[in-house]
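Novice: coords below, sequence missing:
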């Protein structure tokens, strides 16, 4: 009989999905009001003397100019590459690499949200591999050489978490989908989160990025990778987002709400950095590649339908998330019913943020559903989705979100 028990135990272990968890590091980060005034010291500590600043449309807003002044006062020279677009493209990465190699730069600084950080991460990968095409890094652990230069990520949006993650998402412009580059070599050397800079976000961007952070937390906790250490930061992010996102959007002078959302977006990233994501992100990557649609808005639209699709596969996890929403009474309910209430609360939050668009408003055409479903099914984030999904089911979720 003892032998039979040993056999049963062995069989059970062999049946566990993703039995070994891989924990990924995140960089040191300065967080707090005025943190951007310390970036000169951060840059010098990283050995920077002449940095290329990569950004989207922030040149001329005062943010880039303020950062450059701080750097100059610390003895660090800088120039700006501001051709990065909202969904960074493969050719933008290669252009940035050429500018870097031709300008005598020794380091990279990204200023902005996920697009700026992702493009800079990819430029760093390409440079460290002597100009290798960025498309060759698609997938997991494709870097074969160590980073040659430091990267300081100065974050301006409360959503993506890219400033502290090991992911870089880049548009493949020929095939029209977003590539996921997943590698420790993508992780910035150091990050900076100053609520004062986050305060400059617009009404819509605050809503989109906040829902992006919520999606990170939800998908990380629900993930079939089952990384339990993600639940703590993920649940904190959910509580904080429900408590403060509405106020943060409604009043951009609400310092407490803005500060709380900075912490929430970081916590949500700490959750997914090791626990992975799900098909909300896979769908967003497909839409961003084909239609150049804003990532946070794509996640805002897709989250509710995907949660309802996934609920039956992980009811206890959705019930756990329900308990994290302040004031949501789920006592005495089954896990399924508690999960349904949580998803309803997510839908209410989205409505309160005035996010009413659907995928058709982003340009989605019914004739593209097959291609979108194919791209999303093959996206690396789909591996973490708690519920199995085939091409036809994926297509149905896309169409449902139209």
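Specialist: Arrived safely, thanks for sending. Note that the structure is predicted; figures quoted are calculated from it, not measured.
Novice: let me know the secondary structure of residue 332.
Specialist: coil (DSSP: H, G, I helix; E, B strand; the rest coil).
Novice: quick check on it: phi, psi?
Specialist: Residue 332 adopts backbone torsions of phi 80, psi 0, taken as degrees, to the nearest 10.
Novice: also residue 28?
Specialist: phi -60, psi 150.
Novice: was I right about it contacting residue 188?
Specialist: No: counting by Cβ atoms under 8 Å, residue 188 is not a contact partner of residue 28; they are 9.5 Å apart. Every residue, glycine included, has its C-beta placed from N, CA and C.
Novice: the spatially closest residue to residue 388 that is not a sequence neighbour: neighbouring residues, count only.
Specialist: The shortest distance from residue 388 to any non-neighbouring residue, by Cβ to Cβ, 6 or more residues apart in numbering, is to residue 313 (7.8 Å). Counted with other Cβ atoms under 10 Å, residues neighbouring residue 313 total 15.
Novice: tell me how far residue 313 lies from residue 223.
Specialist: 11 Å (Cβ to Cβ, to the nearest Å).
Novice: stretch 169-179: which residues count as buried?
Specialist: 169, 170, 171, 172, 176, 177, 178, 179 (16 or more other Cβ atoms under 10 Å).
Novice: kindly apply the preceding question to stretch 248-262 instead.
Specialist: 248, 249, 252, 254, 257, 258, 259, 260, 261, 262.
Novice: the first one and residue 66, how far apart?
Specialist: Distance of residue 248 to residue 66, computed by Cβ to Cβ: 22 Å.
Novice: contacts for stretch 236-252?
Specialist: 158, 199, 201, 203, 206-207, 210-211, 213-214, 216-218, 254, 256-258, 260-261, 263-265, 267-268, 271, 321, 324-326, 345, 349, 352-353 (Cβ atoms under 8 Å, 6 or more residues apart in numbering).
Novice: ok, which stretches of the stretch 101-250 of the chain are helices?
Specialist: 114-128, 195-198, 203-222, 231-250 (DSSP state H, counting those that start in this stretch).
Novice: nearest to residue 93, of these?
Specialist: helix 114-128 (4.3 Å; Cβ to Cβ).
Novice: what packs against that closest one?
Specialist: If you count contacts as 3 or more Cβ pairs under 8 Å, 6 or more residues apart in numbering; DSSP states H and E, helix 114-128 packs onto strand 50-55, helix 90-102, strand 107-112, strand 151-155, strand 167-172, strand 177-182.
Novice: which ones are touching the residue nearest in space to the middle of the chain?
Specialist: The centroid of the chain falls nearest to residue 160 when counting by Cα atoms, centre = their mean (3.7 Å). Counting by Cβ under 8 Å, 6+ apart, residue 160 touches 113, 114, 117, 209, 212, 213, 265, 269, 295, 296.
Novice: just give me the neighbour total for residue 123.
Specialist: With other Cβ under 10 Å as criterion, residue 123 counts 31.
Novice: which non-adjacent residue is nearest it?
Specialist: Computed as Cβ to Cβ, 6+ apart, the closest residue to residue 123 that is not its neighbour in sequence is residue 96, at 4.4 Å.
Novice: swap in residue 235?
Specialist: residue 324 (4.4 Å).
Novice: now that neighbour. Its backbone dihedrals?
Specialist: phi -80, psi -10.
Novice: shared neighbours of residue 313 and residue 223, which are they?
Specialist: residue 386.
Novice: before we move on, the earlier item: closest one to residue 387 among the helices of the stretch 101-250 of the chain?
Specialist: Here helix 203-222 is closest among the helices of the stretch 101-250 of the chain (Cβ to Cβ), at 9.0 Å.
Novice: angle of the closest one against helix 114-128?
Specialist: Interaxial angle, helix 203-222 versus helix 114-128 (axes from the mean of the first three to the mean of the last three Cα atoms, to 10 degrees): 70 degrees.
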